[in-house]
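Enquirer: Have a look at this prediction, sequence included:
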Amino acid sequence: MTRSAITIAVAGRRRIAPRRELGYASEPMDRATVERRGAEKPGSGTDRHMGEPAVNGIEFLASFLRTGRPHGIGIGSTLGEVDRAVRHRFVDVVDDEGRSLRRDYGFVEFYFNFTPGGAWVMSGGSVELHRLASGPDMAEEWALTTGVEFPRYVAWEAVRDELVRVPGAPELHVGDQGGFLEYRAAASDVSVIVVDDEEEERGYHVGHGDVWSVSLWAPVRAS
């Protein structure tokens, strides 16, 4: 599938929708999968003004690791709160049972569960940085609408060095994931997956030592 089209699930079916059909959230969403069509142009609907300095993606990731709240949202945030925090075109995909939703912004995703009270509540999210190696245009569009500039490749060393300078930096626990290393911050429920294969080189995919993804997950509570 090319970057000019995205698969959308609709009532148990799947079809391809061109990106130009995608819009922004403005109204409450029901349990059906909805294709958004916004009248706004990319780059509008944010508090950032032209000429203001953008936020460095490395700094953004270090803050994400510390707080677990990218763009001021996190576990427990409602879909409406996400709508207000992130003004960028997207696709929403709801499962067949209508109980879980995945919002896909291209390389950033948020996951939601449908609560008994009738609201979509965030259960997790991820920044799939590896997608930028073959699609750097996604980072350019994200910078225009959110003010956060990500490079095509993100070295874990750069994130780690920035994290040292962040007040209240969390302790990281390292685990081997077979060709990857996971750095998990239990305090914020954020994990970073880093490529650990020395034969991997940068190109249309990330290389050795680069961040593959940064993910946020709801903590597992003992029953």
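Expert: In hand now; what should we look at?

Enquirer: Go ahead and name everything in contact with stretch 143-162.
Expert: By Cβ atoms under 8 Å, 6 or more residues apart in numbering, the list of residues contacting stretch 143-162 from outside reads 42-46, 48, 52, 54-62, 65, 71, 86-88, 129, 132-133, 136, 139, 142, 183, 192, 194, 202, 206-207, 209-211. In this view, the C-beta of every residue, glycine as well, is placed from N, C-alpha and C.

Enquirer: one more time with 7 Å, if that's ok
Expert: 42-43, 46, 48, 54-62, 86-88, 129, 132-133, 136, 139, 142, 192, 194, 202, 206-207, 209-211 (Cβ atoms under 7 Å, 6 or more residues apart in numbering).

Enquirer: how about the nearest residue to residue 72 once chain neighbours are set aside, what does it touch?
Expert: Once flanking residues are discounted, residue 72 sits nearest to residue 85: 5.5 Å by Cβ to Cβ, 6 or more residues apart in numbering. Residue 85 makes contact with 71-73, according to Cβ under 7 Å, 6+ apart.

Enquirer: So which of these belong to helices?
Expert: With helices taken from DSSP state H, there is no overlap with the contacts of residue 85.

Enquirer: just the strands in the protein please.
Expert: 5-10, 13-18, 55-56, 91-94, 100-104, 108-114, 120-127, 148-149, 173-176, 180-185, 190-195, 211-217 (DSSP state E).

Enquirer: tell me the most buried of those strands?
Expert: The highest mean neighbour count among these, using mean count of other Cβ atoms under 10 Å, belongs to strand 190-195: a mean of 24.

Enquirer: quick revisit: dump the contacts of residue 85 into a markdown table; add neighbour count as well.
Expert: A markdown table is the format used below for those (neighbours: other Cβ atoms under 10 Å):
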| residue | neighbour count |
| --- | --- |
| 71 | 19 |
| 72 | 12 |
| 73 | 19 |
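
Enquirer: could those be laid out in a markdown table, adding distance to residue 124 and pLDDT?
Expert: As requested, the contacts of residue 85 are exported to a markdown table (distance: Cβ to Cβ, whole Å; pLDDT from 0 to 100):
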| residue | distance to residue 124 | pLDDT |
| --- | --- | --- |
| 71 | 15 | 95 |
| 72 | 16 | 95 |
| 73 | 12 | 97 |
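
Enquirer: got the contact list for residue 73?
Expert: Contacts of residue 73 (Cβ under 7 Å, 6+ apart): 81-82, 85, 122.
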